[in-house]
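A.B. asks: Could you look at this predicted model? Sequence included:
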2 protein chains.
Amino acid sequence: MNGGTLHWLAFHLTFLSCPAAGRRALKHLRAVQDVVLARPSDLEGLRLPSEAFQEIVTRRALAEAAVELEKIDRKAYTLLTFEDPGYPKSLREIFDPPLVLYCAGRAEVLEEPAVAIVGSRRPTPYGRALAGKLAGDLASRGCVIVSGLAVGIDACAHWGALKEGRTIAVLGSGLDVDYPRVNSRLAEKIAERGAVLSEFPLGTPPLQKNFPIRNRIISGLAMGLVVVEAAERSGSLISAGFALDQGREVLAVPGNVTSEQSRGANGLIKAGAKLVETWEDVAEELPTPWREKLLARREEKVDNSRDSLTEDENRLMKELPADGAVHVDELAERTGWPVSGLLALLLGLELRGLAVQHPGKLFQRSI
Amino acid sequence: MNGGTLHWLAFHLTFLSCPAAGRRALKHLRAVQDVVLARPSDLEGLRLPSEAFQEIVTRRALAEAAVELEKIDRKAYTLLTFEDPGYPKSLREIFDPPLVLYCAGRAEVLEEPAVAIVGSRRPTPYGRALAGKLAGDLASRGCVIVSGLAVGIDACAHWGALKEGRTIAVLGSGLDVDYPRVNSRLAEKIAERGAVLSEFPLGTPPLQKNFPIRNRIISGLAMGLVVVEAAERSGSLISAGFALDQGREVLAVPGNVTSEQSRGANGLIKAGAKLVETWEDVAEELPTPWREKLLARREEKVDNSRDSLTEDENRLMKELPADGAVHVDELAERTGWPVSGLLALLLGLELRGLAVQHPGKLFQRSI
């Protein structure tokens, strides 16, 4: 890493909590290194918060940045500054781009076309299945899926993308902070084939206030943002707001109006978001040439066929007739499984085109 | 009934199957009675189908109309001609208004503000409940609900409206033809408090080809058309097309994209139809002053409370805790009822604000 990186990191650490002051300093002194190497007289009239002023004039910012860089090296993370050629172009365009990005995994995925999929932390089986399916279908056609590593829809989108392609997770904590714990293994997998990102210094805890800040990166990295299940007032809607501000397409998957979890997405559609039924609906809204590239791969079916079935799914497939339909209660009796579990399994089969649902909770094997 | 009515009916019976010829004749001879009383020489150059020509010059049309009028009288139906002051204004504006309307019940409801609710003949419990709820909420605020008396969504909309106000059914057969049989009682109830309409002569069977023709009247009578569940290629979408042509608002209730029954409605929304969650969403799209009038009655809650519960619903309410939630499987065990039936009952309670559903099929009594 070159000296430029050290200066950018020092600048970032100094102004992370007061970005407006950072912008003023940069406007006045022109170069990042001139700010972090400034003498007290250079900073006159800039109205810097006293802490930032002290950080700079005592050179504490540089010392902290050097320590941080060492840690980054030890962890084998990459640090991308705003000036690096590998810094994502799409992020450069937004109003307040992060000045540095900590990256675990493959920084090169940041240069590929991406779509964000976000949603509720408490989704229904429907939302889970849809998020995974959309992510897989888009990823298999070369689209990187960006999300927030949260439990629920985010995790489903990441897992769905991992099966078929690549995905990026953007954190609201330091890259070395294991949060949420339940997604540790998912984060590892993402770093293997994609990237985990954060603008927060190492060790930053997952504070509530970090998440809206993080959300602007999720939408900033993507050409479009798809909301899959979101409650009426929720973080996903904040993300949608950022996306609109950033000139990104906002899309949403509708759901029954009786479902609390669909209220946010339905509301977005009412307000003008594009309604999404399949990955093609997402592709249709992307800018040229990505729209054409993705749609050209329409015929390439995701291979979700029988050999990828779990033991339970296989058992269930055997109970489904091809020449008629069977009621879910009947399936419950035959398998001894609870109806709610069965419905989730059946939905999974349905989404892979292996089963069909008829009115009245009747199910049939696809022909 | 005056002579004018006889002439209009004779004209209608003559040209029902060849409306373009009727328009040519009317343009040439100016008045309906001049057409039905024309001599052969008057009709020269009009290229009338030979059957229509014969009907007129032999005066058979007038004779048939006289017989038909007698039958109408005996049945105590009303016949509204295009010229009658009671002929609905909204219908007068459409491209090819029916020249006469047979009406059973109260013709005066035709002058009130109306909204059409249509949809699948094979709806899910979700669609049924939504259609009934929307119809009831709108009807209770003075909006007449128009639909097609079909099984499924149509019937649910009519029943929902009857509970709270008035409704109009438009038939694809003669007014005296009992079709569909299963809705005979519904048709009677509608005629008691609203109106049953048809432009088809008495005795006309419910031919397939009549229904699209009928659909233009449903949307023509209404300020807006709401589609609640419709398959991908369905009559409801034809109605939506008519409504657009007629300059009516088209609205649709979204549903899970995994539901076959929601494909048509979701598709309409994708194409620009307004998404409907509640009756207010419908009201918002109506023209002034109806929009304001309906919304002013926002606070008037439909009284759907406990005293209107069925025995089963009462039983179920007792099993729902107010301070926690219970799984549907648990409810199935306690009541001994099948899960699918329970879910339909619970949805009904939910829509009346008496129960709340939480993720994972957990249910709670509303507080």
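C.D. replies: That came through, no problem.

A.B. asks: Please, where are all the strands along the stretch 251-367 of chain A?
C.D. replies: In the stretch 251-367 of chain A, the strands defined using DSSP state E, counting those that start in this stretch lie at A:274-275, A:326-327, A:355-358, A:362-365.

A.B. asks: ok, now which ones touch residue A:171?
C.D. replies: A:148-149, A:177, A:179, A:196-198, A:200, A:206, A:214 (C-beta atoms under 8 Å, 6 or more residues apart in numbering or on different chains). Placement of C-beta: from N, CA and C, glycine included.

A.B. asks: Helices of the stretch 101-250 of chain A, residue ranges please.
C.D. replies: A:125-139, A:153-164, A:184-193, A:210-221, A:235-245 (DSSP state H, counting those that start in this stretch).

A.B. asks: next one: the stretch 251-367 of chain A
C.D. replies: With DSSP H, counting those that start in this stretch as the criterion, the stretch 251-367 of chain A has helices at A:263-270, A:279-284, A:290-296, A:311-319, A:328-335, A:339-351.

A.B. asks: ok, and which of those helices has the densest surroundings?
C.D. replies: Per residue and on average, the most neighbours among the helices of the stretch 251-367 of chain A fall to helix A:263-270, with a mean of 24 (mean count of other C-beta atoms under 10 Å in any protein chain shown).

A.B. asks: on that earlier part again, out of the helices of the stretch 101-250 of chain A, which comes closest to chain B?
C.D. replies: helix A:125-139 (5.4 Å; C-beta to the nearest C-beta).

A.B. asks: distance between that closest one and the chain's centre?
C.D. replies: With C-alpha atoms, centre = their mean, to the nearest Å as the basis, the distance from the averaged C-alpha position of helix A:125-139 to the chain average is 13 Å.

A.B. asks: Just want the angle from it to helix A:153-164.
C.D. replies: Per axes from the mean of the first three to the mean of the last three C-alpha atoms, to 10 degrees, the angle that helix A:125-139 makes with helix A:153-164 is 40 degrees.

A.B. asks: tell me the average confidence for helix A:125-139?
C.D. replies: Mean pLDDT, helix A:125-139: 94.

A.B. asks: need the residues of the stretch 251-367 of chain A near chain B, please.
C.D. replies: Proximity of the stretch 251-367 of chain A to chain B is confined to A:253-263, A:266-267, A:269-270, A:274-278, A:281, A:327-329, A:332, A:338-340, A:347, A:350-351, A:357-361 under the rule C-beta under 8 Å from any C-beta of the partner chain.

A.B. asks: Look up phi and psi at the residue in the stretch 251-367 of chain A positioned nearest to chain B.
C.D. replies: Nearest residue of the stretch 251-367 of chain A to chain B: residue A:254, at 3.6 Å (C-beta to the nearest C-beta). Main-chain torsions, residue A:254, degrees, to the nearest 10: phi -70, psi 170.

A.B. asks: For it, give me its contacts.
C.D. replies: Contacts of residue A:254 (C-beta under 8 Å, 6+ apart): A:262, A:265-266, A:269, A:275-276, B:254-257, B:262, B:266, B:269, B:275.

A.B. asks: Using TSV, lay out the helices of the stretch 251-367 of chain A together with mean pLDDT.
C.D. replies: Formatted as TSV, the entries for these read as follows, by pLDDT from 0 to 100:
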stretch	mean pLDDT
helix A:263-270	96
helix A:279-284	97
helix A:290-296	92
helix A:311-319	88
helix A:328-335	88
helix A:339-351	82
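
A.B. asks: pLDDT wise, what is the residue lying closest to the residue of the stretch 251-367 of chain A closest to chain B once chain neighbours are set aside at?
C.D. replies: Take residue A:254 and drop its neighbours on the chain: the residue closest to it by C-beta to C-beta, 6 or more residues apart in numbering or on different chains is residue B:254, 3.6 Å away. What the model reports for residue B:254 is a pLDDT of 97.

A.B. asks: do the same with the one 3 residues further on
C.D. replies: We have a pLDDT of 94 for residue B:257.

A.B. asks: and what of residue A:306?
C.D. replies: Residue A:306 carries a pLDDT value of 60.

A.B. asks: now swap in the one 3 residues further on and tell me
C.D. replies: pLDDT, residue A:309: 83.

A.B. asks: Please report phi then psi for it.
C.D. replies: Per-residue torsions, residue A:309: phi -80, psi 150 (degrees, to the nearest 10).

A.B. asks: From what I see, it and residue A:317 are in contact.
C.D. replies: Yes - under the contact definition of C-beta atoms under 8 Å, residue A:309 touches residue A:317, with a separation of 6.7 Å.

A.B. asks: any residues in contact with both of the two?
C.D. replies: Overlap between the contact sets of residue A:309 and residue A:317, as judged by C-beta under 8 Å, 6+ apart, is given by residue A:354.

A.B. asks: so how far is stretch A:321-329 from its chain's centroid?
C.D. replies: 38 Å.

A.B. asks: Show me what counts as buried in that stretch.
C.D. replies: Judged by neighbour count (16 or more other C-beta atoms under 10 Å in any protein chain shown), stretch A:321-329 contains these buried residues: A:325-329.

A.B. asks: can you check stretch A:357-367 too?
C.D. replies: Buried residues in stretch A:357-367, counted by 16+ other C-beta under 10 Å: A:357-359, A:361, A:363-365.

A.B. asks: Could you save those as JSON lines and add columns showing distance to residue A:168 and pLDDT?
C.D. replies: Below are the buried residues of stretch A:357-367 laid out as JSON lines (distance: C-beta to C-beta, whole Å; pLDDT from 0 to 100):
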{"residue": "A:357", "distance to residue A:168": "33", "pLDDT": "78"}
{"residue": "A:358", "distance to residue A:168": "39", "pLDDT": "74"}
{"residue": "A:359", "distance to residue A:168": "40", "pLDDT": "71"}
{"residue": "A:361", "distance to residue A:168": "38", "pLDDT": "81"}
{"residue": "A:363", "distance to residue A:168": "36", "pLDDT": "86"}
{"residue": "A:364", "distance to residue A:168": "38", "pLDDT": "82"}
{"residue": "A:365", "distance to residue A:168": "37", "pLDDT": "82"}
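
A.B. asks: quick check, nearest of those to residue B:16?
C.D. replies: Of all the buried residues of stretch A:357-367, residue B:16 sits closest to residue A:359, with 36.0 Å by C-beta to C-beta.
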